[in-house]
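Engineer: sharing a sequence plus its predicted fold:
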Amino acid sequence: MQIVLEQLAKTYKGNVQALRDINLTIGNGMFGLLGPNGAGKTTLMRILAGILQPTGGRALVGEHDLATERGRHAVKRVLGYLPQELGLYPDLSARDFLDYMALLKGLDHSAQRKQRVHDLLELVGLADVARRQLKTFSGGMKRRVGIAQALLNDPQLLIVDEPTAGLDPEERIRFRNLLADLGGDRVVLLSTHIVEDIAQTCRNLAVMTQGQVIFQGTTFDLLQAARGNVWMVTTDGPKPDGDVTVMATMHQGNAVQYRILGQPQPGTHAVPADPGLEEGYMWLMRQNSPLLTPFARAAYTVGREHLSEPGRGDA
């Protein structure tokens, strides 16, 4: 399956532009959608899920046009969706909740439905607590129930919106590993503001801010955006100043080592460092305003050129 977005736009009442001229092509596998809160990611997810209608442009999921009611219904049949806030029934067990959701999704055959629920509980690591009420589950366990319900109909398109927000480190790692195994022959679209979630699960991604896509490419392409702008500064004096962002601080006896993003002041003893994905993302965001700068256009173009190469479209 392939998702094609052409000049997609969404304007809410009061002339609030949530999306402006979104152009993306997404193939099978994991694809990350990265950006700060308020960037328009959730609006885009809700359009792809058939919940919202765009006010301009075109959105195709496979052969289905989301501008039409028929297209939206067709997409919902092949869709699995885990929103930021999934309403659970706290007094139901995990097994009973999934059985109920399976009925709503049209899995009418009792034996097949029971087997599907069992298999998914095994997949998300909850088979041993299947009879426990959901109100006794931790936040991470509830998110795993959420991904299980999204997979009930074996979807061709799986949309996961901010899945690890609020989870502890152990649950976050567990959930990332689970997502990474779900690509294969389906599109898995991961929307998040957490850079590490993308770094650990996705090869291809897009970056959004203020309703626009300012980058599309691979994770390697994104970190390269900061090359030449990441430095290590070790000092027993004041913190490095100027137009820099301190990314990390490490105390070393009487000295402090700073990892900075930007260009250090002349005379600063700074050693160049290889950039990470977080620095690539931060540098990209620093270089962008509501209107794309030449740097953003260049980064976006580089990403599109990489994706156009043979074999670069798959995660």
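Structural biologist: Done, it's in. All of these numbers come straight from a predicted model, not from anything done at the bench.
Engineer: give the rounded mean pLDDT of stretch 238-252.
Structural biologist: Average pLDDT, stretch 238-252: 89.
Engineer: can you tell me the element the residue nearest the centre of the chain falls in?
Structural biologist: Centroid-nearest residue in the chain: residue 191, 2.5 Å away (criterion: CA atoms, centre = their mean). Here residue 191 sits within strand 187-192, counting by DSSP states H and E.
Engineer: show me what contacts the residue nearest to the centre of the chain?
Structural biologist: Listed by CB atoms under 8 Å, 6 or more residues apart in numbering, the contact set of residue 191 reads 32, 33, 41, 42, 44, 45, 159, 160, 161, 162. (C-beta placed from N, C-alpha, C; glycine too.)
Engineer: which residue ranges of the stretch 201-315 of the chain form helices?
Structural biologist: Using DSSP state H, counting those that start in this stretch, the helices of the stretch 201-315 of the chain run over 219-224, 277-286, 294-308.
Engineer: how about the second one: buried residues?
Structural biologist: Which is helix 277-286. 277, 278, 279, 280, 281, 282, 283, 284, 285 (16 or more other CB atoms under 10 Å).
Engineer: so the residue nearest to residue 243 when sequence neighbours are not counted bridges to which residues?
Structural biologist: Leaving aside its chain neighbours, residue 243 sits nearest to residue 262 (5.3 Å; criterion: CB to CB, 6 or more residues apart in numbering). Beta-bridge partners recorded for residue 262 (DSSP bridges): residue 244.
Engineer: tell me the pLDDT of residue 262.
Structural biologist: pLDDT for residue 262: 92.
Engineer: for stretch 54-68, measure first residue to last.
Structural biologist: Start-to-end span of stretch 54-68 (CA to CA, to the nearest Å) is 11 Å.
Engineer: outside of that stretch, which residues touch it?
Structural biologist: Contact partners of stretch 54-68, identified using CB under 8 Å, 6+ apart, comprise 1-11, 19, 21-22, 47-48, 50, 53, 70-72, 74-75, 78, 156-157.
Engineer: do the same with stretch 116-125
Structural biologist: Stretch 116-125 is contacted from outside by 94-95, 98-99, 102, 107, 127, 130, 144-145, 147-148, 151-152, 174, 178, using CB under 8 Å, 6+ apart.
Engineer: can you pick the most crowded of those residues?
Structural biologist: Neighbour tally across the contacts of stretch 116-125 (other CB atoms under 10 Å): the maximum, 28 neighbours, falls on residue 94.
Engineer: surely that one touches residue 137?
Structural biologist: Yes: with contact defined as CB atoms under 8 Å, residue 94 reaches residue 137; the gap is 7.3 Å.
Engineer: mutual contacts of those two, please.
Structural biologist: Taking CB under 8 Å, 6+ apart as the criterion, residue 94 and residue 137 both touch 129, 145.
Engineer: give me the buried positions along whichever strand or helix holds residue 171.
Structural biologist: In this structure, residue 171 sits in helix 169-180 according to DSSP H and E. Neighbour counts over helix 169-180 (16+ other CB under 10 Å) mark 171, 172, 174, 175, 176, 178, 179 as buried.
Engineer: likewise for stretch 107-126?
Structural biologist: Buried positions in stretch 107-126, judged by neighbour count with 16+ other CB under 10 Å: 107, 113, 116, 117, 120, 121, 123, 124, 126.
Engineer: export the buried residues of helix 277-286 as TSV, with columns for distance to residue 249 and pLDDT.
Structural biologist: As requested, the buried residues of helix 277-286 are arranged in TSV below (distance: CB to CB, whole Å; pLDDT from 0 to 100):
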residue	distance to residue 249	pLDDT
277	19	94
278	15	94
279	15	95
280	20	95
281	19	94
282	15	93
283	19	93
284	23	92
285	21	91
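Engineer: what's the closest of the residues you listed to residue 232?
Structural biologist: Proximity of these to residue 232 (CB to CB) peaks at residue 279, which lies at 12.1 Å.
Engineer: ok, the closest one - contacts?
Structural biologist: Contacts of residue 279 by CB under 8 Å, 6+ apart are 223, 226, 229, 230, 247, 261.
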